[in-house]
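Asker: sequence unavailable; structure follows:
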């Protein structure tokens with residue numbers, strides 16, 4: 001088994017030592033594939049999100065962020081705070097793009113299905129790229 005944290009492989013000697021994992025997305029894979037210097041998951045058998053500890057006055061936003069148009073071809077708009085941080089990953093969890101703001105240039109992505117994460121992976125939406 002191989003473990004990934006926010007799209008990056010976790011060293012094997014660290015996988016069994018975590019009693020308090022960091023906030024973020026974790027993926028457990030049965031195999032890995034190296035491509036263009038990047039390591040990715042071949043078959044994901046489990047994915048889960050470790051949420052941050054929240055103070056009593058904080059709440060996680062449960063609804064997915066509104067992104068449009070979806071499917072998108074060149075530009076994606078995110079209905080969020082002006083300085084919202086975002087990350088786009090493939091379905092294997094590999095980070096493909098990150099940034100801040102409401103307008104995202106997706107023209108460089110190949111046609112397919114992607115995940116869009118906002119605010120340090122607290123909110124997510126599915127993006128279809130034409």
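Answerer: Structure received. On a predicted model such as this, the values are computed, not experimentally measured, just so you know.
Asker: just give the number of residues close to residue 100.
Answerer: 10 (other Cβ atoms under 10 Å). The way it works is simple: take the backbone N, C-alpha and C, and place the C-beta from them, glycine included.
Asker: residue 23 too?
Answerer: Neighbour count of residue 23, defined by other Cβ under 10 Å: 13.
Asker: just give the nearest non-adjacent residue to residue 48, would you?
Answerer: Computed as Cβ to Cβ, 6 or more residues apart in numbering, the closest residue to residue 48 that is not its neighbour in sequence is residue 26, at 5.5 Å.
Asker: would you verify that that neighbour is located in a strand?
Answerer: Yes. Counting by DSSP: H, G, I helix; E, B strand; the rest coil, residue 26 is part of a strand.
Asker: count the neighbours of it for me.
Answerer: Counted by other Cβ under 10 Å, the residues lying close to residue 26 total 18.
Asker: how far away is it from residue 101?
Answerer: 27 Å (Cβ to Cβ, to the nearest Å).
Asker: can you pull out the helices in this protein?
Answerer: For the chain, applying DSSP state H gives no helices.
Asker: which residues in it form strands?
Answerer: Using DSSP state E, the strands of the chain run over 2-5, 8-9, 24-29, 32-35, 38-41, 44-50, 66-68, 75-79, 85-89, 95-100, 103-105, 112-118, 123-129.
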